[in-house]
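[1] Here's a sequence, model it:
(one chain, ligands or ions: 2)
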Amino acid sequence: MNGRILKEKFKDFEIYGNLERVFFGIKTDSRVIENGDLFVALKGENFDGHDFVFDAVKRGAVGVIIEKDLEINEDILVIKTHNSREAFAKISSFFFGDPSDRLTLIGVTGTMGKTTITYLLYRLFNYLGVPSGFIGTIGIGIKDNFSLVDLEPPTTPFPFDLHRYLKTMLDDGVKYVFMEVSSHGIKDKRIYGINFKRKILGTMGTDHIEYHKSLEDYIKTKVSFFDGFTSPILNGNSLYIDRFIEVSKDPIFYGGDEIFDYSFQNLKTHGTSIYFDVYQKGTALGAIDLPILGRYNAYNFLAVLSCAMLEGANFSDIKDFAKNALVPGRMEIYTFKGIKVVIDYAHNPDEIESVLESIKNIGNRLIVVFGAVGTSEKEKRVSMGASVSKFADFCVVTSDDPRGHDIESIIKDVASSVSIKHKVIPDRIEAIKYALNEAKENDVIAILGRGVESKMHMPNGEILRFRDIDIVKEVFHED
Ligand SMILES: CC(=O)N[C@H]1[C@@H](OP(=O)(O)OP(=O)(O)OC[C@H]2O[C@@H](n3ccc(=O)[nH]c3=O)[C@H](O)[C@@H]2O)O[C@H](CO)[C@@H](O)[C@@H]1O[C@H](C)C(=O)N[C@@H](C)C(=O)N[C@H](CCC(=O)O)C(=O)O
Ligand SMILES: Nc1ncnc2c1ncn2[C@@H]1O[C@H](COP(=O)(O)OP(=O)(O)OP(=O)(O)O)[C@@H](O)[C@H]1O
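    Ligands and ions are numbered 1, 2, ... in the order given. Okay, the predicted model is just below:
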């Protein structure tokens, strides 16, 4: 695609310079620019991308998207707009032929449950014979082919990648795409211009204050996703629900109250499954048997069920699907030599408490291996230690993804509030091995924070790659 084509399409952008320059990709970081890319100058927390325009050109950028007046004499294409993020999204979509217009998109947001709800919907719709795709923290799914991928950014991709995935899905015959919508994705306008058929709210809590600076900004951002939207699917029992009701029209509620459009009652736990009865506006539909522990997963499943039924699925098919449902890296329970190992992505205090409360009684002692990511703020790290101490008998404080930050100081914050017997082992692999070694038959080891994530960005720039479950299997000599 070149500047001439863009100029014909986007009358509201100022497009000048060499309109014949052809571009093949759009990137936000000058450091990774390759020949033939467009560079988008974004203002961030630390830098202003406009300062790297010439660096980008030196590295091969054939054009730039800018908001500020810059004197550019290079032989490149210049796209000047009042909002680079919106332009980034519009041009990316156009580049791939606006694939989202020909797909049914369902967006899932909330603090907790996004991946679980999105992935289960993706699997359910394929199970029902509807070719579907998945975009979210654990990877990319196209019909039955799901790949674990560490996306960058991890949850809601930048527009160019996002529309590329959508185009690939469309070409492959996909009809529905289920995607996670993070607060970063909303604020960063990564989803700008996408027309969602349904929007779903999982469970709200507190997260990403390091990015939003205040809880109010975080909530406002999430709420803005629903602004003016008709019939969003909302967790009626979520924190801050009134804020979401206020901005949307005719919401559909799911949760634990019988008056909701879709509700669950009589939740019981047996072994590593939960059972509950489902009601539609107070009328019983039947019982669900879900092999994913945790009361919160009844909420997550109700979100899935609500969306599927609104899209025409019938209860008995959903019930059949539920029997074998699982989500990679979310409440995955393995048993090795009588020891239960739980792999879960819980990485903030609310999630940690939800997951530990759910597994507290499935075995004898509860041993937890956990740490905090490098970008977390101090308050969150400290709360995490306190949350684990509420439920565990013993814990190993270790590293999560340091994302380049100093491991010792992260661990110090986390350990400062641990009030139970514990050990500090900074090396995560060694920490997992230590916990497994300590465990006796019937003990439960919860390895929290990373789920199926594989990359750890070390302070020295090194990237370690391993999955928690692989270390466990290695210790037990399992494949
Ligand atoms: C922590 C965070 O949110 N970072 C985002 C933020 O970066 P920043 O403010 O630190 O950017 P900055 O360092 O000030 O730089 C400003 C701009 O100059 C560019 N730059 C900078 C230096 C240079 O030499 N050359 C250059 O071009 C940067 O690439 C950037 O575009 O602003 C950038 C521009 O919008 C984002 O790309 C970047 O997201 C990064 C990729 C990221 O990984 N974010 C994560 C945290 C994220 O988005 N996560 C959410 C969900 C997480 C969850 O649910 O748990 C997600 O949807 O994935
Ligand atoms: N509805 C919920 N309420 C409370 N905790 C939950 C809920 N759903 C999931 N969790 C916990 O949060 C963790 C992350 O779940 P999931 O990946 O589904 O949510 P997410 O919103 O995608 O999270 P993130 O934004 O961090 O990627 C789970 O591993 C579990 O510990």
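
[2] hmm, who's touching whichever strand or helix holds Y434?
    Counting by DSSP states H and E, the element that carries Y434 is helix 428-438. By C-beta atoms under 8 Å, 6 or more residues apart in numbering, the list of residues contacting helix 428-438 from outside reads 339, 341, 367, 369, 371, 394, 396-400, 423, 425, 445, 447, 456, 466, 468, 471-472, 475-476. C-beta here means a position set from N, CA and C on the backbone, and glycine is covered the same way.

[3] Of those residues, keep whichever come out buried.
    By neighbour count, with 16 or more other C-beta atoms under 10 Å, the contacts of helix 428-438 hold 339, 341, 367, 369, 371, 394, 396-400, 423, 425, 445, 447, 456, 466, 468, 471-472, 475 as buried.

[4] close to ligand 1, is stretch 52-72?
    Yes: Stretch 52-72 reaches ligand 1 (C-beta under 6 Å from any ligand atom) through F52.

[5] Number the chain from 43, please
    Got it, first residue is 43 now, which makes that one stretch 94-114.

[6] how about the helix ranked longest in the chain: buried residues?
    Ranked by number of residues, the top helix in the chain under DSSP state H is helix 337-352. Within helix 337-352, the residues that count as buried by 16+ other C-beta under 10 Å are 338-351.

[7] now do stretch 170-187
    170, 172, 174-185.

[8] could I get those as TSV with pLDDT, secondary structure and distance to T160?
    Below are these laid out as TSV (pLDDT from 0 to 100; DSSP: H, G, I helix; E, B strand; the rest coil; distance: C-beta to C-beta, whole Å):
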residue	pLDDT	secondary structure	distance to T160
L170	98	coil	16
V172	98	coil	15
S174	98	strand	11
G175	98	strand	10
F176	98	strand	6
I177	98	strand	8
G178	97	strand	5
T179	95	coil	9
I180	96	coil	9
G181	96	strand	11
I182	98	strand	12
G183	98	strand	9
I184	98	strand	14
K185	98	coil	15
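
[9] can you tell if the longest helix of the chain touches ligand 2?
    Yes: judged by C-beta under 6 Å from any ligand atom, helix 337-352 comes into contact with ligand 2 through 338, 341-342.

[10] from these, which single one is nearest K262?
    Nearest to K262 among the residues of helix 337-352 next to ligand 2: Y341, at 23.0 Å, using C-beta to C-beta.

[11] residue contacts, that closest one?
    Counting by C-beta under 8 Å, 6+ apart, Y341 has contacts 155, 244-245, 277, 279, 296-298, 306.

[12] E300 and ligand 2: what is the separation?
    19 Å (C-beta to the nearest ligand atom, to the nearest Å).

[13] so that residue makes contact with G324?
    Yes: in this structure E300 lies within contact range of G324 using C-beta atoms under 8 Å: 5.3 Å.

[14] Just give the closest residue to T153, not the sequence neighbours.
    G247 (4.1 Å; C-beta to C-beta, 6 or more residues apart in numbering).

[15] coming back round to it: out of the contacts of Y341, which touch ligand 2?
    With C-beta under 6 Å from any ligand atom as the criterion, the contacts of Y341 include 155, 244-245 near ligand 2.

[16] what bits of the stretch 93-242 of the chain have low per-residue confidence?
    Regions of the stretch 93-242 of the chain meeting the criterion pLDDT under 70 are absent.

[17] need the residues of it near ligand 1, please.
    Counting by C-beta under 6 Å from any ligand atom, the stretch 93-242 of the chain sits next to ligand 1 at 94, 195-198, 224, 226-227, 230.

[18] if we go to 5 Å?
    Within the stretch 93-242 of the chain, the positions near ligand 1 by C-beta under 5 Å from any ligand atom are 94, 195-198, 224, 226-227.

[19] got TSV for those, with secondary structure and neighbour count too?
    TSV is the format used below for those (DSSP: H, G, I helix; E, B strand; the rest coil; neighbours: other C-beta atoms under 10 Å):
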residue	secondary structure	neighbour count
F94	helix	22
P195	coil	14
P196	coil	17
T197	coil	21
T198	coil	26
S224	coil	25
H226	helix	16
G227	helix	24
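
[20] Could you dump these into TSV with distance to Y58 added?
    Shown next, in TSV, are those (distance: C-beta to C-beta, whole Å):
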residue	distance to Y58
F94	20
P195	31
P196	36
T197	36
T198	32
S224	35
H226	32
G227	31
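
[21] quick one on the thing from earlier: how about the residue nearest to T153, what does it touch?
    Counting by C-beta under 8 Å, 6+ apart, the residues that G247 touches are 153-154, 281, 390, 392-393.

[22] ranges for the helices of the stretch 343-492 of the chain?
    Under the criterion DSSP state H, counting those that start in this stretch, helices of the stretch 343-492 of the chain are mapped to 357-364, 391-401, 420-433, 449-457, 470-480.

[23] how far out from the middle of the chain is the fourth one?
    Put plainly, it is helix 449-457. 25 Å (C-alpha atoms, centre = their mean, to the nearest Å).

[24] can you list contacts of that helix?
    By C-beta under 8 Å, 6+ apart, the list of residues contacting helix 449-457 from outside reads 412-416, 418, 420, 423-424, 426-427, 439-442, 444, 464, 466, 468, 500-501.

[25] can you check the second one too?
    Contact with helix 391-401 is made by 153-154, 247-248, 311, 335-339, 373, 375, 382, 384, 386-388, 408, 410, 412, 422, 425-426, 428-430, 432-434, 486, 488, 490, as judged by C-beta under 8 Å, 6+ apart.

[26] where are the low-confidence patches of the stretch 243-392 of the chain?
    Residues of the stretch 243-392 of the chain meeting the criterion pLDDT under 70: 248-250, 252, 254.

[27] Now T440. Nearest residue, chain neighbours left out?
    Once flanking residues are discounted, T440 sits nearest to A473: 3.5 Å by C-beta to C-beta, 6+ apart.

[28] Now for that neighbour, how many residues are close by?
    Counted with other C-beta atoms under 10 Å, the neighbours of A473 add up to 23.

[29] any idea how far S431 is from whichever residue of the chain sits closest to ligand 1?
    Going by C-beta to the nearest ligand atom, ligand 1 is nearest to G86 of the chain, at 2.3 Å. To S431, G86 is 36 Å away according to C-beta to C-beta, to the nearest Å.

[30] If you count surrounding residues, which of these two has more?
    Looking at G86 and S431 with other C-beta under 10 Å, you find the greater number of neighbours at S431, namely 17 against 10.

[31] Report the contact partners of the more buried one.
    With contact set as C-beta under 8 Å, 6+ apart, S431 has these partners: 437, 459-462.
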